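Participant: Sequence and predicted structure are below.
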Amino acid sequence: RYGRTSDLARRHDLPYHVIGSDLAGVVLRTGPGVNAWNPGDEVVAHCLSVELESSDGHNDTMLDPEQRIWGFETNFGGLAEIALVKSNQLMPKPGHLSWEEAAAPGLVNSTAYRQLVSRNGAGMKQGDNVLIWGASGGLGSYATQFALAGGANPVCVVSSPEKAAICRSMGAEAVIDRSAEGYRFWKDEQTQDPREWKRFGKRIREFTGGEDIDIVFEHPGRETFGASVFVTRKGGTITTCASTSGYMHEYDNRYLWMSLKRIIGSHFANYREAWEANRLIAKGRIHPTLSKVYSLEETGQAAHDVHRNLHQGKVG
C-alpha cells in the first residue's frame, strides 16, 4: 500500500521486506535536503515515518494521515546491514552505550514516554500512583523507570518471582506477582469476575496507603482491561496500547462513566517525544533493559523466541 502512494514510495514495494523498527548505526550517506546529519555520525533511529503534507499532523505528527511505523508499515527496517531512514527519524546515539544497548530502547522507550509522561498520554506527575502491567517487560520496564525518575509510585504487576526481582532491582518497592496470588479476572471466555477486581484493588491499596490508582499503564488488553478500569481512582486515567492478550476489551462502564475516568489511546510517539526519551537515556536517567543479544544471522530465532514468549524484556 505504501509503495502505491507515490513515485518516491514505490521503492518500498519489493519482493522482500526488511523488518525491524529499532536501529543504532553510523550514517553512511545522505540524500538531498539533509542538513542536520552527516556521514560518520553515530545515531539511533526512532520508527515514526510521516509525510506531513496534511495539516492534521502539524500539531502532533502522530496524527499525520500518512503516519506509519518504519520497518513494519514501510520497507528497509533495522534488521539489516544497511537501512534507509528519513532524516527526521535520527537522534544522537548515547555515547556510554554499546551498539546493541543503544539499539534496544527506541520503540518501547518512546512508546512508554508518550503513553505515561507526555501530555498526549497520561501526563504523569510527582506522587501519582501508577499501575504498570508487565512491569519487567519491554514496555513495562521503561514505564517503571519513568515513574521512579519522575517521582511517581509504580505498582508493578508481573507473573513470576524472577520478574518481580527485576522490578525491585530497578528500584520499585510495590510489586504484585499475579500468578503467585492467583488472580483470575475471567470466569470463562465471556464472563469477568468483579470479585477478583475488588481483591486486586484491595491488594493495591496495601502498597499505596489506602489510595487508588491515578494512572494505569495498560497494554495486555482484553485479559486485564476490566480490572484496570475498576481499580483506577475517580477522575483517573487508563492509557492503552498494544492489547497483546486480545483487542476486544470489555469493562463495566458504570465504573468509567460515573467515576469520570478517562481512557486514552496511545501509539508510538512523535519526534519530540522520542527525542526527550532518548535524551533521558543519554543522561543516564533511564537505562536500556536488554536481556540477550543475537547475531544478525540469528534474527529468525530471535523473532521465534519473542513470539513464543521465551525471552525477557527486550532482546537485540
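Facilitator: Arrived safely, thanks for sending.
Participant: List the residues that contact the closest residue to Thr61 other than its chain neighbours.
Facilitator: Leaving aside its chain neighbours, Thr61 sits nearest to Asn270 (4.3 Å; criterion: CB to CB, 6 or more residues apart in numbering). Every residue, glycine included, has its C-beta placed from N, CA and C. Applying CB atoms under 8 Å, 6 or more residues apart in numbering to Asn270 gives the contacts 48, 60-62, 114, 120.
Participant: ok, those residues vs Ser266, which is closest?
Facilitator: Ser266 lies nearest to Arg114 out of the contacts of Asn270, by CB to CB, at 5.7 Å.
Participant: show me where the stretch 1-150 of the chain has strands.
Facilitator: 23-26, 42-45, 48-49, 68-69, 90-92, 129-133 (DSSP state E, counting those that start in this stretch).
Participant: Just name the most buried of these.
Facilitator: Highest mean neighbour count of those: strand 129-133, a mean of 29 (counted as mean count of other CB atoms under 10 Å).
Participant: Give the pairing partners of that strand; include direction for each.
Facilitator: Note on strand 129-133: by DSSP bridges, its sheet partners are strand 153-158 (parallel), strand 213-218 (parallel).
Participant: Mind checking the ones you listed for the one nearest to Leu28?
Facilitator: strand 213-218 (37.3 Å).
Participant: Just name whatever secondary elements the helix or strand following the closest one is in contact with.
Facilitator: Where DSSP states H and E defines the elements, the next helix or strand beyond strand 213-218 is helix 225-231. Using 3 or more CB pairs under 8 Å, 6 or more residues apart in numbering; DSSP states H and E, the elements in contact with helix 225-231 are strand 129-133, helix 194-208, strand 213-218, strand 232-240, helix 253-257.
Participant: buried sites along the second one?
Facilitator: Put plainly, it is helix 194-208. For helix 194-208, the neighbour count (16 or more other CB atoms under 10 Å) marks 196-197, 199-200, 203-204, 207-208 as buried.
Participant: what's the answer for the last one, then?
Facilitator: In terms of neighbour count (16+ other CB under 10 Å), helix 253-257 has its buried residues at 255-256.
Participant: Which residues outside stretch 15-22 are in contact with it?
Facilitator: Outside stretch 15-22, the residues within contact range by CB under 8 Å, 6+ apart are 45, 47, 69-72, 75-80, 83, 103-107.
Participant: Isn't Asp305 up against Val315?
Facilitator: Yes: with contacts defined as CB atoms under 8 Å, Asp305 counts as touching Val315 at a distance of 7.0 Å.
Participant: out of those two, which sits in the more crowded spot?
Facilitator: Taking neighbours as other CB atoms under 10 Å, Asp305 and Val315 compare with Val315 leading, 18 against 15.
Participant: ok, now which ones touch the more buried one?
Facilitator: Applying CB under 8 Å, 6+ apart, the residues contacting Val315 are 290-294, 302, 305-306.
Participant: So how do I select the buried members of these in ChimeraX?
Facilitator: In ChimeraX, selecting the buried portion of the contacts of Val315, with burial taken from 16+ other CB under 10 Å, looks like this:
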select :290,302
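Participant: out of the contacts of Val315, which one sits closest to Ala174?
Facilitator: Using CB to CB, Ser291 comes nearest to Ala174 of those, at 22.8 Å.
Participant: Hmm, Leu310 and the closest one touching each other?
Facilitator: No: in this structure Ser291 lies outside contact range of Leu310 using CB under 8 Å: 10.9 Å.
Participant: roughly how far apart are Asp13 and Phe76?
Facilitator: Plainly put, Asp13 is 12 Å away from Phe76 if you go by CB to CB, to the nearest Å.
Participant: cool, and Tyr271?
Facilitator: With CB to CB as the criterion, Tyr271 and Phe76 are 19 Å apart.
Participant: How about Gln115?
Facilitator: Applying CB to CB to Gln115 and Phe76 gives a distance of 27 Å.
Participant: what does Arg184 give?
Facilitator: Distance of Arg184 to Phe76, computed by CB to CB: 44 Å.
Participant: export stretch 257-265 as CSV, just CAs?
Facilitator: The C-alpha trace of stretch 257-265 is given here as CSV (Å, rounded to 0.1, in the frame of the first residue of the first chain):
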residue,chain,number,x,y,z
TRP,A,257,-18.8,6.9,33.4
MET,A,258,-20.0,7.6,37.0
SER,A,259,-16.4,8.0,38.3
LEU,A,260,-15.4,10.3,35.4
LYS,A,261,-12.4,8.2,34.4
ARG,A,262,-10.6,8.6,31.1
ILE,A,263,-9.3,6.1,28.5
ILE,A,264,-6.6,7.4,26.3
GLY,A,265,-5.4,5.5,23.2
